[in-house]
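[1] Here is a sequence together with a model predicted from it:
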Amino acid sequence: MLSQSRILPFLCCFSFITYPAFHSYSPLSRFSEEWNDAKYLKCNTASGASYLKAKEKETIYILNLLRADPKLFANTVVKKYPEYSQNLNLRRVSEFKSLLRTLQTMKPLPLLKPDQLCYASAECHARSSGQRGYVGHDRKERNCKSKRHFNGECCDYGHDDPLDILMSLLIDENVSSLGHRMICLGPYKNIGVSIQPHKTYRHNAVLDFSF
């Protein structure tokens, strides 16, 4: 069972984006119009999951877009992310460079489907750890222990924007094992995502994956 936590020493800036109301809109169209191709609509597997919040659905959508076309994600999103995030120093980070290389040569992966058991596991842990202000994968509430359901888990702190959450996990700066990246790009079939307030880091996100 893989478990990875990501703690960031900074809080990201908030940006408010107005999304156009047409069916082919992609959350990555800000990086390239190629993402608006109708063939990528299949990546929005969580669109009908009523138990998920909008940002949680978008997190799954973006991760599936990456898995559907890793090379396009590398050449449009990853390459532009330092400017988008206003963190130009990322260009010099070895993990950022290795992410770019990995995605440019990687084959597409199966799309992830939302799973209510994974969601219940992620939601309970994100809510509990957020209220208590702690980090890591240990479930400290009996209720959360009983709902634990994952084969791989990623925890991110300090972000509530879907793309920022995923890029933090994918870059995996200062994590020698690149465990978060490996989980996000792993052979999983199901996913649950929960984004909750955090007492210490303002926000925390838990992504639980299963086979």
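    Structure's in. What do you need? Residues are numbered from 1 along each chain as shown.
[2] what helix or strand does the closest residue to residue 67 other than its chain neighbours sit in?
    In this structure, residue 67 finds its nearest non-sequential neighbour in residue 109, 4.0 Å apart by C-beta to C-beta, 6 or more residues apart in numbering. Every residue, glycine included, has its C-beta placed from N, CA and C. Following DSSP states H and E, one finds residue 109 outside all helices and strands.
[3] Repeat that for residue 206.
    strand 202-210.
[4] Determine the set of other helices and strands touching that strand.
    Contacts defined by 3 or more C-beta pairs under 8 Å, 6 or more residues apart in numbering; DSSP states H and E place strand 202-210 against helix 116-132, strand 152-157, helix 179-184, strand 190-198.
[5] Please identify the buried residues of that strand?
    Neighbour-count burial for strand 202-210 flags 203, 204, 205, 206, 207, 208, 209, 210 (criterion: 16 or more other C-beta atoms under 10 Å).
[6] residue boundaries of the helices in the protein?
    Taking DSSP state H as the criterion, the chain carries its helices at 54-68, 70-72, 79-84, 94-105, 116-132, 142-147, 162-171, 179-184.
[7] Distance from the longest one to the middle of the chain?
    Its chain's average C-alpha position is 15 Å from that of helix 116-132, according to C-alpha atoms, centre = their mean, to the nearest Å.
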